[in-house]
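[1] quick one, fold the following:
(one chain, ligands or ions: 2)
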Amino acid sequence: VAMVTAAFRTPAKEVIIEGRTYQADEWMNTPSAILEALPRRLHLQPDHPLTITRKLIESRFPDYKTHNDLFPIVTTAQNFDSLGFPLDHIGRSRADTYYLNQSTVLRTHTSAHQADTFRKNESEGYLISADVYRRDAIDRSHYPVFHQMEGARTWDRQQAEREGKILAQIIWDDVTKIPKHDIAVEDPNPTFHAERNPLQAGHSPEEADAMAAHLKRSLEDMVVTIFNAAKGASDTATPDEPLKVRWVEAYFPFTSPSWELEVFWQGDWLEVLGSGIVSQPILNHASVPNRIGWAFGLGLERIAMLLYSIPDIRLFWSKDKRFLSQFHEHEPIRPFVPFSKYPACFKDVSFWLRTSSSSSSSAAGGATPIHPPAQQQTQSSSIPPPASSSTMPIPPAAAAPAAATPAFHENDVMEIAREVGGDLVEDVRLTDEFVHPKTGRRSLCYRVNYRSLERTLTNEETNEMHDRLRGLLVDRLGVQLR
Ligand code: FA5
Ligand code: MG
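    Numbers count the residues shown, from 1 in each chain. Ligands and ions are numbered 1, 2, ... in the order given. The predicted structure follows:
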């Protein structure tokens, strides 16, 4: 498997993945540790908590066609262009996305398959579950490989016309078929809002209201099902707080209006999914211009962590029997019982950034916004016609050649930590930032928490990892250690 060595500096010419060959170029930034995760397909492993979670959700959408084995390597056209991502969208940058070459990425979301699935036009509803890949922060709820489920439901305008019915009425009839629930739902905003969350041209307010109701009731039913399953068997781990959910306005380049669903969990609102009314140009380009509908994308780990009270996202990758033996498809859900918690080992590293890269000041600040503010975007104008992926222009934002001094980006620190420590790194946090008053040089301090989920680490091995991390920071990022 380990075809790719030193991916950052000397990209291998060819990358062979499950029998498919890709020509790597200077865009290649995917380390071998990530490529080795590709064949795992956790959401398909028998008795794995992600599989059980997936099936539980699928059971609430019985008529939807499921796609659970779509290949993880896609074109930038599928992952971005088909969805109307502008060329300078931050999600396209090599700091955020794993590339094999300029037009080939590890999918960053299941939405990469929307256009193709709509084009197949096999069913009114579909669900896609898959592994997705993002260069991201390291902490207990973020991992560079995670799993999403995409869902969509569309209705046919022409069919309504042929039957002499009003489409909004047909959709409302379908809403009545969704099981009722009695949980508290906060949903203070109107379905759409001219500036913040606009209705699309060609959609009537009645149609948007009906589709929004169908989307929201379907996903509330999903969350209620998960929580009832979690509660049914837990006598200790899950506090008996009543379930509370809320809908908040959101922005995606490929839906409008858009919403996120949050669940109140351990004292805080936790985002579980993004959703909205599918941008009509996507359906038009997918040769189903007469259909309108909604889509959502959820994080399977987020839901599974709620369902089983799993405290750390790294656990899903564990091959330890003490983890895997706790989950059984045909038994009631029981909360995960953590095996003993091994000691944490904190180590700091401080360094000066290279002066020549007076890089964007936001880079070290952590939170990179995934979505641009809603008002900068229009839904329909930026979707190109379905074109062959190879002819796509180079995205301007990400095209800076590596030869110049690349800007410092925090995700590069995360990646190096991942490379030296793998799953032994629990989190990496910026703890101090300092600008020298005279020279203007910037100094950063990161705190790395080394902790195994399975055993106590020795001093030698944490020191050894940390020394390697320090060396790689110098070699790869050109920083000066303090
Ligand atoms: C998306 O990926 C959109 N494709 C979702 C969508 C689909 C919107 C269809 C509209 C229509 P987002 O980046 O917010 O959106 O991710 C969706 C969900 O994935 C999040 O709500 C969260 O549950 C989960 N998620 C995101 N990043 C991570 C991560 N690093 N680790 C674990 N789960 C994550
Ligand atoms: Mg989100």
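
[2] quick check, the residue in the stretch 301-450 of the chain closest to ligand 1?
    residue 302 (4.1 Å; Cβ to the nearest ligand atom). In short, each C-beta sits where N, CA and C put it, glycine included.

[3] who are the contact partners of that residue?
    141, 270-272 (Cβ atoms under 8 Å, 6 or more residues apart in numbering).

[4] and these near ligand 1, which?
    271-272 (Cβ under 6 Å from any ligand atom).

[5] of the contacts of residue 302 - the most surrounded one?
    Using other Cβ atoms under 10 Å as the neighbour criterion, residue 272 leads those with 23 neighbours.

[6] how about the spatially most central residue of the chain, what does it touch?
    The centre of the chain sits closest to residue 109, judged by Cα atoms, centre = their mean, with a distance of 5.5 Å. Listed by Cβ under 8 Å, 6+ apart, the contact partners of residue 109 are 79, 132, 148, 150, 297.

[7] would you mind stating the distance between it and residue 115?
    Distance, residue 109 to residue 115, by Cβ to Cβ, to the nearest Å: 13 Å.

[8] helix, strand or coil: sort out the residue of the stretch 301-450 of the chain closest to ligand 1 for me.
    helix (DSSP: H, G, I helix; E, B strand; the rest coil).

[9] please, which helix or strand holds the closest residue to residue 197 other than its chain neighbours?
    The shortest distance from residue 197 to any non-neighbouring residue, by Cβ to Cβ, 6 or more residues apart in numbering, is to residue 257 (4.0 Å). Using DSSP states H and E, residue 257 falls within strand 255-265.

[10] same question for the following helix or strand past that strand, mean pLDDT?
    Counting by DSSP H and E, the next helix or strand C-terminal to strand 255-265 is strand 268-278. In this model, strand 268-278 carries a mean pLDDT of 95.

[11] got it, and stretch 463-481?
    Stretch 463-481 shows a mean pLDDT of 96.

[12] using PDB, list the CA coordinates for that stretch.
    C-alpha atoms of stretch 463-481 as PDB (Å, rounded to 0.1, in the frame of the first residue of the first chain):
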ATOM      1  CA  ASN A 463      10.100  12.200  23.600                       C
ATOM      2  CA  GLU A 464      11.100  10.400  20.400                       C
ATOM      3  CA  MET A 465       7.900  11.400  18.700                       C
ATOM      4  CA  HIS A 466       8.200  15.000  19.900                       C
ATOM      5  CA  ASP A 467      11.800  15.300  18.700                       C
ATOM      6  CA  ARG A 468      10.700  14.100  15.200                       C
ATOM      7  CA  LEU A 469       7.900  16.600  15.200                       C
ATOM      8  CA  ARG A 470      10.300  19.400  16.000                       C
ATOM      9  CA  GLY A 471      12.600  18.300  13.300                       C
ATOM     10  CA  LEU A 472       9.900  18.100  10.700                       C
ATOM     11  CA  LEU A 473       8.500  21.500  11.600                       C
ATOM     12  CA  VAL A 474      12.000  22.900  10.700                       C
ATOM     13  CA  ASP A 475      12.400  20.800   7.600                       C
ATOM     14  CA  ARG A 476       9.000  21.200   6.100                       C
ATOM     15  CA  LEU A 477       7.800  24.600   7.300                       C
ATOM     16  CA  GLY A 478      11.100  26.300   7.700                       C
ATOM     17  CA  VAL A 479      10.400  27.600  11.200                       C
ATOM     18  CA  GLN A 480      13.100  28.300  13.700                       C
ATOM     19  CA  LEU A 481      12.700  26.500  17.000                       C
END
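
[13] which residues are contacting stretch 420-440?
    Contacts of stretch 420-440 (Cβ under 8 Å, 6+ apart): 33, 137-140, 312, 314, 317, 344, 348, 350, 355, 364-366, 410, 413-414, 417-418, 441-453, 457, 465-466, 468-469, 472.

[14] nope, stretch 466-481 is what I was after
    Contacts for stretch 466-481 (Cβ under 8 Å, 6+ apart): 8-9, 347, 349-354, 357, 405, 408, 412-413, 416-417, 419-421, 448, 450.

[15] among those, which ones are buried?
    In the contacts of stretch 466-481, burial by neighbour count holds for 8, 347, 349-354, 357, 408, 412-413, 416-417, 419-421, 448, 450, counting by 16 or more other Cβ atoms under 10 Å.

[16] so which of the residues you listed belong to strands?
    Within those, residues falling in strands by DSSP state E are 347, 349-352, 448, 450.

[17] relative to residue 332, which of the residues you listed is nearest.
    Residue 332 has its nearest neighbour among these in residue 450, at 36.1 Å by Cβ to Cβ.

[18] what residues does the stretch 251-400 of the chain put near ligand 1?
    Residues of the stretch 251-400 of the chain lying near ligand 1 (Cβ under 6 Å from any ligand atom): 252, 255, 271-276, 295-299, 301-302, 370.

[19] one more pass at 5 Å, please.
    252, 255, 271, 273-276, 295, 297, 299, 301-302 (Cβ under 5 Å from any ligand atom).

[20] filter those down to the buried ones and hand me the PyMOL line.
    Filtering these down to the buried ones (16+ other Cβ under 10 Å) takes a single PyMOL command:
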select buried, resi 252+255+273+274+275+276+295+297+299+301+302
